[in-house]
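Novice: okay, here's the prediction I keep looking at, along with the sequence it came from:
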Amino acid sequence: MRHFLKFLTENKHGQTRKLCRGFCLGTQLSPNQDDSTDEFSMVSPRIRLRDGRHLAYVERGVPKDKATYKIIIVHGFGSSKEMNFLAPQELIDELGIYLLQYDRAGYGESDPNPKRSLKSEALDIEELADQLQIGANFYVIGVSMGSYATWSCLKYLPHRY
C-alpha cells in the first residue's frame, strides 16, 4: 500500500496528474478485436489454477516486459474483464502501463468458486500474476465491488505491493 500511495503522490514531470486525469476523464481502452469473430463467440485466454478452476483474462497497454507500471484491474458486481476502463492510449504508452483485467470466479468466462472467500480472491489474483509472470510487485485497482478483492490483497498479500 505504501508503494501505491507513493505512486499516486509522486509528481515526476506531472505524470501522476496525467494518469489520474486520464483514468477519470479518458477514453475507452478498446480491446484487441479480431474482425473475424463476433462478441458471442469470443474466447479469451485462460489460466488453470492449482484447484483446477480457470480464470479468463485480457491484457492491454504496453507489453508487460517493457512496463513501468503493472496494474491488475478487478471488476465489480455485474461486470467482467471487458468493462470500460477509461484511459487514453497515449497516456498508457507514455507512462508504460500494462493492464491486466480478468473475470473473477463465477463471472464471464471464469469458472465459479463455491468456496469463495476474501482470502481466495486474493490468492486467485496472486496465482494469476504468477502464472502470467507479471513480477513480484504490481498494483491492484478495484472497481465498485471489486474493491473488496483489492482490500483482500492488502490484507493477505502485503509483500506483493
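Specialist: Received the coordinates, thanks. Residues are numbered from 1 along each chain as shown.
Novice: parallel or antiparallel, list what pairs with the lengthiest strand in the chain.
Specialist: In the chain, with assignment by DSSP state E, the single longest strand is strand 54-61. Strand 54-61 sits in its sheet next to strand 46-48 (antiparallel), strand 97-102 (antiparallel), going by DSSP bridges.
Novice: redo those as a markdown table? Include distance to residue 58 and mean neighbour count.
Specialist: Where C-beta positions appear, they are placed from N, C-alpha and C, glycine not excepted. Output for these, formatted as a markdown table (distance: least, CB to CB, whole Å; neighbours: other CB atoms under 10 Å):
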| stretch | distance to residue 58 | mean neighbour count |
| --- | --- | --- |
| strand 46-48 | 11 | 15 |
| strand 97-102 | 5 | 24 |
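Novice: so for residue 151, which of the ones you listed sits nearest?
Specialist: Across those, residue 151 has its closest neighbour in strand 97-102 (17.2 Å, CB to CB).
Novice: how about JSON lines for the strands paired with strand 54-61, with distance to residue 71 and mean pLDDT added?
Specialist: Shown next, in JSON lines, are the strands paired with strand 54-61 (distance: least, CB to CB, whole Å; pLDDT from 0 to 100):
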{"stretch": "strand 46-48", "distance to residue 71": "18", "mean pLDDT": "97"}
{"stretch": "strand 97-102", "distance to residue 71": "5", "mean pLDDT": "97"}
